[in-house]
Every structure is written in structure tokens, then in C-alpha cells.
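S.K.: Sequence first, predicted coordinates after that:
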Amino acid sequence: MATVIQHRRDFEVDYGNVDELSPLIRRVECRNPGPFTFKGTGTYLIGRGEVAVIDPGPVVDVHLEAVLGALGPDETITHIVITHTHSDHSPGAAWLKERTGAQTYGFGPHGQVGPNDPNDKVDFSAYFSSEEKERYDKEYEDLDPALKREGPDLTFVPDNKLDDNDELAAGDGNWRLQAVYTPGHCSNHICYALPQEGVLFTGDHVMGWATSVVGPPDGSMADYLASLRKLLGRDDRRYWPTHGPCVDDPIAYVQSFLDHRTEREAQILGFFTEKPATIADLVPGLYAAYDKRLWYPAAGSVYAHVLSMVADGRLAVDGGGDPKLTSTYRAG
Ligand SMILES: [Zn+2]
């Protein structure tokens with residue numbers, strides 16, 4: 001029987017409001033909703049007194065003002081911490097650093113960006129009815145379209161590079177965070193543990209509302225699966241992702257993601273074993289139940305699976321050559 005992942009979509013947000021989630025955790029939601037960001041970017045404030053901010057989000061003045069406005073009179077932001085360099089997570093770091101003087105932290109700058117080959121693109125526009133196109137165009141019409149996307153942020157370079165297990169702490173000792181290196185969604189993704197509360201901030205690695213997108217060349221399916229397995233060895237009580245609600249049964253949830261990926265891989269292998277075909281042939285059937293706008297990143301995730309199966313010889317490019325997004329694949 002197919003694995004059912006228990007996503008949670010019941011999530012009310014009050015943009016700009018400060019949600020007090022626990023003694024050490026506050027969250028402010030940025031109004032950048034969209035098919036990839038769900039209701040928007042959740043920016044976390046960690047600690048009381050000396051405060052760390054996790055993922056300031058995009059540069060949206062009203063949001064970043066609300067993050068500053070969350071501070072009490074005796075509080076200061078001393079650390080700006082980034083889970084990964086995507087446009088809905090890291091660009092606000094520069095804005096916040098300028099106002100606070102806080103140091104920035106992350107694994108490093110963005111990794112490999114693919115060749116922007118206009119001939120190596122999938123196109124699903126023929127599957128969208130005119131009614132759907134109109135509806136999607138009208139959704140959050142007032143928002144800058146760039147805010148609804150999740151693309152690479154090539155500008156962020158952390159003042160301080162973090163590696164797996166590195167620790168950060170407030171100067172006044174009120175909080176400490178531990179880096180958990182979790183590449184896959186992208187190559188520089190870090191989750192942050194707050195051991196005092198048994199909580200893990202999972203960025204886009206594990207989200208409550210949807211599965212994570214793994215987009216080559218910077219994203220890697222093998223890394224993503226290894227980073228999911230890494231979480232199985234931890235005893236976090238709760239996850240707070242950057243988008244959507246918390247996850248309260250982390251181990252069972254992560255296991256369902258791993259099972260889901262194993263099934264997807266078998267489906268993909270089965271499809272190309274039947275007859276040589278392209279990823280664009282496969283996606284509309286495999287993702288029929290999803291918002292069609294997600295077919296584009298889904299094609300990226302399928303491509304990530306395909307690359308790992310080309311690497312181990314289970315799939316091959318029909319006619320030879322390098323495996324591309326638009327190549328025709330057959331069983332190896
Ligand atoms: Zn994101």
C-alpha cells in the first residue's frame with residue numbers, strides 16, 4: 001500500500017504578528033505566500049535578551065520591521081542564522097545586519113548553479129486550462145511574482161561559516177543552537193537544534209505542509225535521503241520548519257518521507273523500463289493529484305532521482321550523452 005504522508009495544511013497566519021511559541025521561541029510570518037512557500041516564510045527569534053534570528057526571509061521592509069518590532073526594550077539581535085541560500089530565506093540577512101550589526105551564520109555561499117540552457121527546460125503550459133491560468137495569475141496579484149518563488153540567493157556570504165555539530169550561543173547564555181548539516185534540498189542546508197527545548201528548526205529539509213523539492217545540480221537525492229536518515233538518529237521532540245506548521249511526531253514523519261521516496265523511485269524506474277521516455281512524459285501522471293504549478297519543481301525532484309539511478313546504472317540516457325532534464329531515458 002502506498003505510504004500516506006500526514007501533511008498538515010491547517011495553519012492560520014497573522015502576518016507581522018509575533019507568535020509566542022515557547023519560552024525561547026517567537027515567530028513572525030512574512031507575507032510571501034505561494035505554491036512553494038505555502039503561507040510564507042516563518043522567521044524565528046530565539047532567546048530573550050540577546051536574540052538569534054533564523055531565516056529573515058526575503059527583503060520585505062514591513063516584515064523585517066516586524067521582526068525588529070518583536071524585540072523588547074532590553075533586547076538585541078546578536079546572531080542572524082541561515083538554513084540555506086534560497087530567495088525566501090537569506091536575502092533579508094543583509095537588511096537586518098545593517099540595522100543591528102549582528103553577525104551572520106550559515107554553511108557557506110550558494111553552491112553550483114545549473115547551466116541556464118533554454119533548450120533544457122520542461123514545459124507543462126499545455127496542461128493548464130485558461131481558467132486555471134487566469135486563477136493562478138489572480139492569486140496574490142498584489143505581490144511581486146519574485147516573492148512567490150524559491151530561487152537561489154547568490155549574494156549571501158556568511159560572516160561565519162558553520163559545519164556539522166558547530167555550536168552558537170548567546171553572549172548572556174540564554175540560548176544555544178547546534179548546527180545539523182542536512183544537504184539535499186540544496187547543498188548548503190543546515191537545520192538548527194535548540195537542545196534546551198528539544199526542538200529542531202528544519203528549514204526546508206522537513207516541512208509539515210509538503211515534501212521538500214530537490215533540484216539538481218545543487219540539490220541531490222542521495223544527500224537528501226542521507227539527511228533524512230540522519231534525523232532518524234536524533235531525539236528531537238518537535239520540528240519547526242520555515243514554512244507551515246510544526247511536526248510533533250518527527251521520527252514517524254521522517255520515516256514516511258523515506259518510504260515515499262523509495263516508492264517514487266520504484267515508480268520512476270518502472271515507467272522508464274516500460275519504454276524509453278522523458279521526465280516531461282512522466283510528471284503529469286505521477287503528480288496528477290498536485291497543483292500543476294508544482295509540476296516544474298516535481299520534474300526537478302524526478303530528475304534528481306533519475307540522476308542517482310543513472311549513476312548506479314539502473315537507468316541510461318537513450319542514445320547516450322549526458323543526462324539532462326529533457327533527455328530520453330531507458331532502463332540501464
Ligand atoms: Zn523555502
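M.R.: That came in fine, so what should we check first?

S.K.: Please list all residues in contact with the single nearest residue of the stretch 151-300 of the chain relative to the ion.
M.R.: The stretch 151-300 of the chain approaches the ion most closely through Asp204 (4.4 Å), counting by C-beta to the ion. All C-beta spots, glycine's among them, are computed from the backbone N, C-alpha and C. Contact partners of Asp204, counting by C-beta atoms under 8 Å, 6 or more residues apart in numbering, are 83-84, 86, 89, 150, 185, 189, 212-213, 241-243.

S.K.: Out of those, which comes closest to Tyr253?
M.R.: Pro241 (10.8 Å; C-beta to C-beta).

S.K.: Hmm, Val247 and the closest one touching each other?
M.R.: Yes. The pair Pro241 and Val247 qualifies as a contact (C-beta atoms under 8 Å) at a distance of 7.2 Å.

S.K.: Mutual contacts of these two, please.
M.R.: When C-beta under 8 Å, 6+ apart defines a contact, the residues bordering Pro241 and Val247 alike are 202, 206, 208.

S.K.: Most neighbours of all these, which one?
M.R.: Thr202 (28 neighbours; other C-beta atoms under 10 Å).

S.K.: Make sure that residue is actually in contact with Trp240.
M.R.: Yes. Counting by C-beta under 8 Å, Thr202 touches Trp240, with 7.0 Å between them.

S.K.: How many neighbouring residues does the residue in the stretch 51-200 of the chain that the ion sits nearest to have?
M.R.: Residue of the stretch 51-200 of the chain nearest the ion, by C-beta to the ion: Asp88 (4.4 Å). Around Asp88 there are 26 other residues, counting by other C-beta under 10 Å.

S.K.: what secondary structure does it sit in?
M.R.: coil (DSSP: H, G, I helix; E, B strand; the rest coil).

S.K.: Near the ion, which residues of the stretch 101-250 of the chain are found?
M.R.: 150, 204 (C-beta under 5 Å from the ion).

S.K.: And the helices in the stretch 101-250 of the chain, which stretches?
M.R.: Assigned helices in the stretch 101-250 of the chain, in chain order: 130-138, 221-232, 250-274 (criterion: DSSP state H, counting those that start in this stretch).

S.K.: quick one: low-confidence parts of this protein?
M.R.: Residue ranges of the chain with pLDDT under 70: 1.

S.K.: tell me the centre residue of it?
M.R.: In the chain, the residue lying closest to the centroid (C-alpha atoms, centre = their mean) is Asp204, at 2.6 Å.

S.K.: Tyr181 versus that residue, what's the distance?
M.R.: 14 Å (C-beta to C-beta, to the nearest Å).

S.K.: Equivalent analysis for Thr76, please.
M.R.: Distance from Thr76 to Tyr181, by C-beta to C-beta: 28 Å.

S.K.: Is Gly171 in contact with Thr78, as I believe?
M.R.: Yes. The criterion here is C-beta under 8 Å, and Gly171 meets it with Thr78 at 6.5 Å.

S.K.: Overlap in contacts, those two.
M.R.: Applying C-beta under 8 Å, 6+ apart, one finds that Gly171 and Thr78 are jointly contacted by Glu50.

S.K.: more neighbours, these two?
M.R.: Between Gly171 and Thr78, Thr78 has the larger neighbour count (other C-beta under 10 Å), namely 20 against 10.

S.K.: how about the residue nearest to that one when sequence neighbours are not counted, what does it touch?
M.R.: Closest residue to Thr78 apart from its sequence neighbours, by C-beta to C-beta, 6 or more residues apart in numbering: Glu50 at 4.6 Å. Shown in contact with Glu50 (C-beta under 8 Å, 6+ apart): 75-76, 78, 170-172, 174-175.

S.K.: quick one: which of those has the most company?
M.R.: Most crowded among these, counting by other C-beta under 10 Å, is Trp175 at 23 neighbours.

S.K.: Contacts only, for the closest residue to that one other than its chain neighbours.
M.R.: Spatial nearest neighbour of Trp175, excluding adjacent residues (C-beta to C-beta, 6+ apart): Gly47 at 3.7 Å. Counting by C-beta under 8 Å, 6+ apart, Gly47 makes contact with 24, 170, 174-175.

S.K.: got JSON lines for the residues you listed, with distance to Asp10 too?
M.R.: Conversion of these to JSON lines gives the following (distance: C-beta to C-beta, whole Å):
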{"residue": "Leu24", "distance to Asp10": "25"}
{"residue": "Ala170", "distance to Asp10": "33"}
{"residue": "Asn174", "distance to Asp10": "32"}
{"residue": "Trp175", "distance to Asp10": "29"}
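
S.K.: Name the nearest of these relative to Leu258.
M.R.: Distances from Leu258 to the contacts of Gly47, taken by C-beta to C-beta, are shortest for Leu24, at 29.9 Å.
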